[in-house]
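Just need the structure, nothing else, for what follows:
(one chain, ligands or ions: 1)
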Amino acid sequence: MSEPQVVIAPVAQMLEKKIRARTARVGIVGLGYVGLPLAVEFAKAGFHVTGIDVSADKTRRINRGDSYVGDIPSATIGPLADSGKLRATTDFSVVEELDTIIICVPTPLRKTKDPDMSFIVSSCQEIAKHFHPGTLVILESTTYPGTTDEVVLPMLSSNGLKVGEDFFLCFSPERVDPGNPKYQTSNIPKVVGGVTAACTEMGRLFYSQALQSVVPVSSTQVAEMVKLLENTFRMINIGLVNEIALMCSRMGINVWEVIDAAATKPFGFMPFYPGPGLGGHCIPIDPFYLSWKTKQAGIEARFIELAGYINGQMPHFVVDKVQNALNDDGKPVKGSRIHVMGVAYKRDIDDMRESPALDVILLLQKRGARISYSDPHVPVLRLDGKRMEASPEVAAAEADCVVIITDHSAFDYKALVERSALIVDTRNALKKFNSPNIVRL
Ligand SMILES: NC(=O)c1ccc[n+]([C@@H]2O[C@H](COP(=O)([O-])OP(=O)(O)OC[C@H]3O[C@@H](n4cnc5c(N)ncnc54)[C@H](O)[C@@H]3O)[C@@H](O)[C@H]2O)c1
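Numbering: from 1, shown residues only. Have a look, this model is predicted:
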């Protein structure tokens, strides 16, 4: 079957030419864990990239060639900044010079678990002030289906510009997995869906200059829903395996051994692992964007609510495990010294957003425990307005109980088992060790 033909308006022909020649001026709005790696990929592909961020500290650091994102070494940013391929600013008036703009601003939840659209709205308001014909805009912030058409499109077309003819608008979900050495921005397939077929084609053409594989879909809503399906799939499967862990604990069965054995099935099973609770900017948050939206359509997202409840119970379960382990050792949790190994939300990264370690520490403190922690990626922790400094790993020897929350690969687990009185392991980091002082999740 032949490819569908897309009619290209004159303004599109001009933009297409610039994209193919890599003379298009690229803008990335929001230079965080998503925006900075993307800016680097387009700069490496030969484009002139301008990052726009409200944080003057971040823009200064980029212009100095100083990275603040773990997966991007300063040695990568430095030459790009020196050559002028990558620069950063807080001034949105540069939009006047740009041909393409990718928006990667935060999309958190409000306390009520409603989407917080304020970052998307404020960045689009600033873009709209300097917007001009011949621009491709792509929203990458994770959001509910309908955002691109219902929120972004009206702001960009307010001055009479026609989408698909005068400018092009797409949604493309970001799938970056910080700390993953195998899959990074350049080799993760990129889904893109436009408001019109011409928008999708422009988005596809643009990404294919810098990324290895692009997957066009028929609309912005499909592209928005792809991301929510991916993250809801993970959240619900983690909820299921956490519930299995609770059951196994009650029945005295080693859940880790169960999962490893089940994973030998060569079809129809995919292993997920239990843990101290969900963390990060995506899995605990994104599914609630979907449930918020579907509520408006009269559908209750019951799987999401249930998995959210079970995952939310995990820090309490861990704290009960610690208390029971101490009691079995003849000690009360009140007044005991507890050393937490790892506080980032996942292995080998420095991101603390939504980390379950925060809940576990606060719950233990509420029960009267004295807390210290080690984390090579998080030297300082701020919790409930108080500042804590990381201790060296040897501090575990002084504790009545150690609890492994994040299984960083830099930890010396052999020494930990040898020097600790009691260890509660929520990640199966001590799989290879068999010692009476280990209590597994
Ligand atoms: N971090 C991840 O692993 C990941 C993965 C997939 C998707 N996402 C999604 O990508 C989006 C960005 O996430 P992130 O992790 O990069 O966030 P981040 O907090 O690391 O970065 C966002 C950046 O946007 C800047 N910013 C905030 N408001 C702005 C504005 N009005 N104008 C310009 N800049 C502004 C902030 O200063 C910050 O530098 C979110 O929607 C997130 O859900 C993140």
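
What helix or strand is residue 275 located in?
Counting by DSSP states H and E, there is no helix or strand that carries residue 275.

my bad, should have said residue 340
Counting by DSSP H and E, residue 340 is part of strand 337-341.

Report the buried residues of that strand.
Within strand 337-341, the residues scored as buried using 16 or more other C-beta atoms under 10 Å are 337, 338, 339, 340, 341. Every C-beta, even on glycine, is put in place using the N, C-alpha and C of the backbone.

do the same with stretch 382-396
So, applying 16+ other C-beta under 10 Å, buried residues of stretch 382-396: 383, 388, 390, 391, 393, 395, 396.

can you list contacts of it?
339, 341, 358, 361-362, 371-376, 378-381, 402, 411-412, 415-416, 419-420 (C-beta atoms under 8 Å, 6 or more residues apart in numbering).

Please list only the buried members of the residues you listed.
If we count by 16+ other C-beta under 10 Å, the contacts of stretch 382-396 have these buried: 339, 341, 358, 361, 371-376, 378, 381, 402, 411, 416, 419-420.

Which ones among those lie within helices?
358, 361, 416, 419 (DSSP state H).

any idea which of the residues you listed is closest to residue 432?
Within these, the smallest distance to residue 432 is 12.1 Å, found for residue 416 (C-beta to C-beta).

Please name the nearest non-neighbouring residue to the closest one.
Take residue 416 and drop its neighbours on the chain: the residue closest to it by C-beta to C-beta, 6 or more residues apart in numbering is residue 396, 5.8 Å away.

ok but that neighbour is inside a helix, no?
Yes - judged by DSSP: H, G, I helix; E, B strand; the rest coil, residue 396 forms part of a helix.

Tell me the spacing between it and residue 302.
42 Å (C-beta to C-beta, to the nearest Å).

other SSEs contacting the helix or strand where residue 257 lies?
Element membership of residue 257, judged by DSSP H and E, is helix 255-262. Using 3 or more C-beta pairs under 8 Å, 6 or more residues apart in numbering; DSSP states H and E as the contact test, the elements touching helix 255-262 are helix 220-251.

so the helix it packs on versus helix 255-262, what angle?
With axes from the mean of the first three to the mean of the last three C-alpha atoms, to 10 degrees defining the directions, helix 220-251 sits at 120 degrees from helix 255-262.

do helix 220-251 and the ligand meet?
No - counting by C-beta under 6 Å from any ligand atom, the ligand is not contacted by helix 220-251; separation bottoms out at 7.2 Å.

Next, the buried residues of that helix.
Quick answer for helix 220-251 (16+ other C-beta under 10 Å): 220-221, 223-228, 230-232, 234-236, 238-246, 248-249.

Give the other helices and strands that that helix contacts.
strand 167-171, strand 190-194, helix 255-262, helix 286-296, helix 302-328.

Can you say which of the ones you listed is packed in most?
Comparing these by mean neighbour count (mean count of other C-beta atoms under 10 Å), strand 167-171 ranks first with a mean of 29.

what's the angle from that one to helix 220-251?
Using the same axes, to 10 degrees: strand 167-171 against helix 220-251 is 10 degrees.

Contacts only, for the residue in the stretch 151-300 of the chain that the ligand sits nearest to.
The minimum distance from the stretch 151-300 of the chain to the ligand, using C-beta to the nearest ligand atom, falls at residue 174 (3.9 Å). Residues near residue 174 by C-beta under 8 Å, 6+ apart: 34, 38, 104, 140, 141, 142, 227.

among those, which are in helices?
Reading helices off the contacts of residue 174 with DSSP H, I get 38, 227.

which one of the contacts of residue 174 is nearest residue 309?
For the contacts of residue 174, the nearest to residue 309 is residue 142 (21.7 Å; C-beta to C-beta).

tell me the contacts of whichever residue of the stretch 1-150 of the chain sits closest to the ligand?
For the stretch 1-150 of the chain, the residue closest to the ligand is residue 32, as judged by C-beta to the nearest ligand atom, at 1.8 Å. Shown in contact with residue 32 (C-beta under 8 Å, 6+ apart): 69, 104, 106.

these two touch, right, the second one and residue 37?
No - under the criterion of C-beta atoms under 8 Å, residue 104 makes no contact with residue 37, lying 9.6 Å away.

With neighbour numbers in mind, choose between these two.
residue 104 (28 against 22; other C-beta atoms under 10 Å).
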